[in-house]
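**Q** based on what follows, work out the 3D shape:
(chains A, B, C and D)
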There are 2 protein chains.
Amino acid sequence: MPRVGLSQAEIVNTATEFVNEFGLEQLSLGKLAQQLKVKPPSLYNHIASLEELKNQLNLKALRLLKQDLLKATVAKTHEEALKGFAYSYRSFALKNPGLFHATLRTVEDREQAIKQEGHEILELILIILKGFGLEGNSALQATRSLRASLAGFVLLELNEGFGMPLDMNESFEKHLQGMIISLSSFLTEG
Amino acid sequence: MPRVGLSQAEIVNTATEFVNEFGLEQLSLGKLAQQLKVKPPSLYNHIASLEELKNQLNLKALRLLKQDLLKATVAKTHEEALKGFAYSYRSFALKNPGLFHATLRTVEDREQAIKQEGHEILELILIILKGFGLEGNSALQATRSLRASLAGFVLLELNEGFGMPLDMNESFEKHLQGMIISLSSFLTEG
DNA sequence: CCTTAAAACTAATATTATTAGTTTATAAAC
DNA sequence: GTTTATAAACTAATAATATTAGTTTTAAGG
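**A** Reported below is the predicted structural model:
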């Protein structure tokens, strides 16, 4: 019966393009409505708020990222899988800076779908770490460490926070080598 | 000759308290003016813009952080100095979440003072790494890796991005162990 | 064809940063 | 002690922000 114009998916898609081009913090409903050739209040027929839209971006980002990570790790030895994971993670962030930024947002307890995706990525890491002999508590600790190292590197790279004239690819490769070696320290429980 | 009321320092101090309590993204000139019992436009007699105020917070944060780091690393062996650096870094971030957040802002080329502070912290790391036998390009690469690992961990901790019921202190200790071990991989040039 | 429900709209409110222009207080000069 | 210059604080205004309420439009189902 109703008018068929916009859809939530279309809004999220346009928002995705926007944040990847101009940055998450530049996103506003006014600019978004302009791109969609619609007045700002019309967006509220499809999304609850700007915050909710950002949560949608978070969710979309995690789903896409998970797909990439799965492709990059399937049918590989543990070390190659870990490398594939890391390269894929960084590559996703560099190609989708706005979406990546959205994945780092603090999320409320009720956002179950987002937590679910995050949990599945965590489990992917745990499977890889099993190949390194890491299980249980040690594996969880190692996961935290890996996540921190990866996210930190990519975040600083995106924010141009390094500021030194060093090749980023080489830096990442060495960082990854260090991450792999560091895993040995998680093997000894205690 | 003029009225002597506010000062830039006072504004920055109040902003510091505010962001540490409510978060950097909650900072607005309206709320700040309210706390200072002043109308928002009055702030422009002392600061150029909200952006500039955030840069001031960035600068203040780096100066305080540098002080902490120096105290935590002076007169120690290289490994103890690195540990001191790491613990001090994390401790600063946990005690001053808003200020720490401000240090991660992307900064323009003209903000020389901020770059200067960042550079001095970098040099502190390089001195520590010399004790590990790291110099030149290897040391710079290792610095990037350390910065990424540290900032990533603290950022995820502040954002409650880990989400697992694991003791954060233990996680950080193991993460740090891993960081130290990973340094060996930066020793071999190539 | 007509009803209905949702989508898009207009109008409005409140908060944001910021600029222009005016008033005021006070420290220095006389 | 009075005057005066000056910077600080003010009021008023603009433009952008998110959001809500209420109205109009439109397209699909009966």
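**Q** how close does A:L6 get to A:S42?
**A** Applying CB to CB, to the nearest Å, the value for A:L6 to A:S42 is 7 Å. In short, each C-beta sits where N, CA and C put it, glycine included.
**Q** between the two, which is the more surrounded one?
**A** Of the pair A:L6 and A:S42, A:L6 is the one with more neighbours under other CB atoms under 10 Å in any protein chain shown, namely 18 against 14.
**Q** count the neighbours of the closest residue to that one other than its chain neighbours for me.
**A** Closest residue to A:L6 apart from its sequence neighbours, by CB to CB, 6 or more residues apart in numbering or on different chains: A:H46 at 5.7 Å. Neighbour count of A:H46, defined by other CB under 10 Å: 15.
**Q** just checking, A:H46 touches A:V4?
**A** No: under the criterion of CB atoms under 8 Å, A:H46 is not in contact with A:V4, lying 11.9 Å apart.
**Q** what sits against the nearest residue to A:P97 once chain neighbours are set aside?
**A** Spatial nearest neighbour of A:P97, excluding adjacent residues (CB to CB, 6+ apart): A:L158 at 5.4 Å. Contacts for A:L158 (CB atoms under 8 Å, 6 or more residues apart in numbering or on different chains) come out as A:93-94, A:97, A:100-101.
**Q** how much space between A:L158 and DNA strand C?
**A** With distances taken as CB to the nearest atom of the strand, to the nearest Å, A:L158 is found 23 Å from DNA strand C.
**Q** and the pLDDT at that residue?
**A** pLDDT recorded at A:L158 is 94.
**Q** state the distance from it to DNA strand D.
**A** In terms of CB to the nearest atom of the strand, A:L158 sits 22 Å off from DNA strand D.
**Q** wait, what's in contact with A:K71?
**A** A:S88.
**Q** against chain B, how distant is it?
**A** 24 Å (CB to the nearest CB, to the nearest Å).
**Q** and that residue, what element?
**A** helix A:50-73 (DSSP states H and E).
**Q** keeping just the C-alphas, turn the very next helix or strand once past that helix into CSV.
**A** Counting by DSSP H and E, the next helix or strand C-terminal to helix A:50-73 is helix A:78-95. Below are the C-alpha coordinates for helix A:78-95, written out as CSV (Å, rounded to 0.1, in the frame of the first residue of the first chain):
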residue,chain,number,x,y,z
HIS,A,78,48.1,-22.3,11.0
GLU,A,79,50.9,-19.9,10.2
GLU,A,80,49.6,-19.1,6.8
ALA,A,81,46.1,-18.8,8.1
LEU,A,82,47.3,-16.3,10.7
LYS,A,83,49.2,-14.3,8.1
GLY,A,84,46.2,-14.4,5.8
PHE,A,85,44.0,-13.2,8.6
ALA,A,86,46.3,-10.3,9.4
TYR,A,87,46.8,-9.2,5.8
SER,A,88,43.1,-9.5,5.1
TYR,A,89,42.2,-7.5,8.2
ARG,A,90,44.6,-4.6,7.3
SER,A,91,43.5,-4.7,3.7
PHE,A,92,39.8,-4.4,4.7
ALA,A,93,40.6,-1.4,6.9
LEU,A,94,42.6,0.4,4.2
LYS,A,95,40.0,-0.2,1.5
